[in-house]
Every structure is written in structure tokens, then in C-alpha cells.
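Trainee: Fold the stuff below for me.
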Amino acid sequence: MTAGTRQEWPEWRGWRAAAQDALYAPGGFYRRAEGPAGHFRTSVHASPLFAGAVARLLCRVDEALGRPAALDFVDMAAGRGELTGGVLAALPAGVAARTRAYAVDIAERPVGLDHRIEWLAEPPQGTTGLLFANEWLDNVPLEVAEVDAAGAARLVLVREDGSERLGEPVDGAQARWLQRWWPLPGEEGLRAEIGLPRDEAWAAAVATLGRGLAVAVDYAHTADARPPYGTLTGFSEGRETTPVPDGSCDITAHVALDACALPGGRVLPQREALRTLGVTGARPPLTLASTDPAAYVRALASAGEAAELTAAAGLGGFGWLVQPLGIPDPFQG
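Mentor: Residues are numbered from 1 along each chain as shown. Predicted coordinates for the structure are as follows:
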């Protein structure tokens, strides 16, 4: 953040406003030239197998839509366009020729990005195809609530250096969201992240899709297993760190994907979604090592990447919120 921004910082404010500036204001974390890949490893960066799976999903959506003349792929929070480019490269030539690719991000268009990719700050309206949001919702800022000594849920306020104190009681729509999706017992110190802004952001993104499929992939939890002290944290240079809203680190919290889901949507684990799309992690037969050693090494490396993407304790434990619009669910039947 700039020195001018620091001078304008109120002494105390809610985590939503603090994270919004720390991540997205000029000089903020997501405005940096290195992009997300400079600080943490997503499924997109882990292996090209992920982009290949998304390309196969786009082909399934294409079939369900009856192979329209123009097929749209919208990559929300596109980073530096890595997933969008990977999907285009993995598509069959005939499908790629009909695909309009949109990378949506607040950062400037990366130098050298494939000319076929349109770079936008907001998703286009009325698209037909696949809207894919990989690790977007966890960076939609939200308020944090904590139970005080009297058993009441209060907003957590934060200073630029990361110090916290309790503010006013949670009320209105935020209190109703907590009661519905993350009720807090009256035990002092218990915390929750109020996911209402993420519900609204997801609904707005889905509303841009005329027909097709919307998918949100993220760190997630559901109502039967909310973490008692929340998940707010920071990341910088590949390591988890204390969340400090000064622009020096990513600020993220897991997503209540079940709360985000619109009618007809459902949540499934990444490992299940990717296996349905052909990413299995199966090791190559040992006989291949003697008949074609180079092919065996390549297949073994691919199996290792697939295993990372589908590991239940790692990336495979991510949630996929699958939201069909006017087509059957491509993961069923």
C-alpha cells in the first residue's frame, strides 16, 4: 500500500473494508505484477492436467447446449490468464474455433497473452457456455464475528498492523446470515466469517450466464463442519502467515459454498469432479518402463500431478459448487 493510503486508514474498521483495500486498492496485493502464482500454488499452477479437465468439462457443456455457433468460456479471477490459455490449448480444434474466451481480473492484461483471450474487469453479460471461478470467492472480503464474554456475536475490527478488537454486535442481514448458515454458540472466543458478500458475488456472476454451467472451486466448508474459530489467514511467498491488511500478503478465508449455492446447485469434492473428468492418478504399468522408458517417465510424472490434484488432504479436498443453468448437470448421469 502507498504511504498516502496509510495516512487515510481509519484506526479501526471491519475486516471487509480492510481486506478490500489491502487486496484491491492501488498498490494492493492483487495489483502486483507477479500475480497470485508468485505467492501460492493453485490447482492451475500445480499441473496442466487441471486445465485439460476444465477443457473436457467445457466440451460436455458444449454437447449439452447442442454445439452452439459460439461457445463462451469465462475465467473469473483469472490471475495472469494461465487457466484460460491452458483450456484453449487443450480443446479440440473444432471446439476451440467456436470458443470465445474471457479472462476476468482487476489486474492489467498480461504482456504476451494469447490474442484470442479477451481481458475484462467484469464478466460479460448473456454468455452461453462455462463460467469457471477457481479460488475467487475466498478472496471476496467479508466481516468476521466473534462471541464476547456475554455470549453475543460482535464484529471484529482490525488496524492496519493486524491488531484486533471487538466492535458493535452483529445485526440485520449479517445476523440473519449467521443464524441460518453459521450459528455461533454463546462461548466466548468462537468466531465465524459472515459469507453474505460471497453469496451475493456468486449470484451476480451466475446472473451473467444466459445458459450453461457455472462452477466455483475453492477451499470450503459446509454447515455440518464449520470451523469453530474461523479460517481467516494470510499467504505470502508460498507460506501461510498472519493476516495483516497492509497489502503485504494475501488475505483469505474458506468459503461456505453451501450458502452460496443457488437453487439447483450442489457441492462435490474436487477429487470426485476431476475423476469424473478423467484425472485419476493411476500409475502406468511397469511393463511400459521396459518397452518405452521415456513414455513411462512421462506417465509417472502425470500420475504424480493427478495424485496432487485429487489428494483428499490437499487440493482434492477443495469444493466444487456446480450450478447448471438450462442444461443437465454434467457430473450426473
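Trainee: so what's the backbone phi/psi at the closest residue to V206 other than its chain neighbours?
Mentor: Here the nearest residue to V206 in space, its sequence neighbours aside, is A214; by CB to CB, 6 or more residues apart in numbering that works out to 4.7 Å. All C-beta spots, glycine's among them, are computed from the backbone N, C-alpha and C. Main-chain torsions, A214, degrees, to the nearest 10: phi -110, psi 140.
Trainee: Okay, now the unreliable bits of the stretch 201-333 of the chain?
Mentor: The stretch 201-333 of the chain contains residues with pLDDT under 70 at 281-286, 288-290, 292-317, 333.
Trainee: just the helices in it please.
Mentor: 257-260, 270-276, 287-291, 293-310 (DSSP state H, counting those that start in this stretch).
Trainee: quick one on the thing from earlier: what's near enough to touch the residue nearest to V206?
Mentor: In this structure, A214 makes contact with L130, L131, F132, A133, A205, V206, Q323, L325, judged by CB atoms under 8 Å, 6 or more residues apart in numbering.
Trainee: Which of the residues you listed sits closest to A273?
Mentor: Ranking these by separation from A273, with CB to CB as the measure, puts F132 on top at 11.5 Å.
Trainee: Tell me what that closest one is bridged to.
Mentor: Beta-bridge pairing of F132, defined through DSSP bridges, involves D75, V215.
Trainee: That one: neighbour count?
Mentor: F132 is flanked by 24 other residues according to other CB atoms under 10 Å.
Trainee: which non-adjacent residue is nearest D161?
Mentor: D161's closest residue in space is V244 (CB to CB, 6+ apart), at 6.5 Å.
Trainee: which ones are touching that neighbour?
Mentor: For V244, the set of contacting residues under the criterion of CB under 8 Å, 6+ apart consists of A22, E160, D161, G162, G234.
Trainee: residue contacts, the closest residue to W181 other than its chain neighbours?
Mentor: Spatially, and ignoring its direct neighbours in sequence, W181 is nearest to A259 (4.4 Å; CB to CB, 6+ apart). A259 is in contact with W177, R180, W181, G195, R198, D199, A223, counting by CB under 8 Å, 6+ apart.
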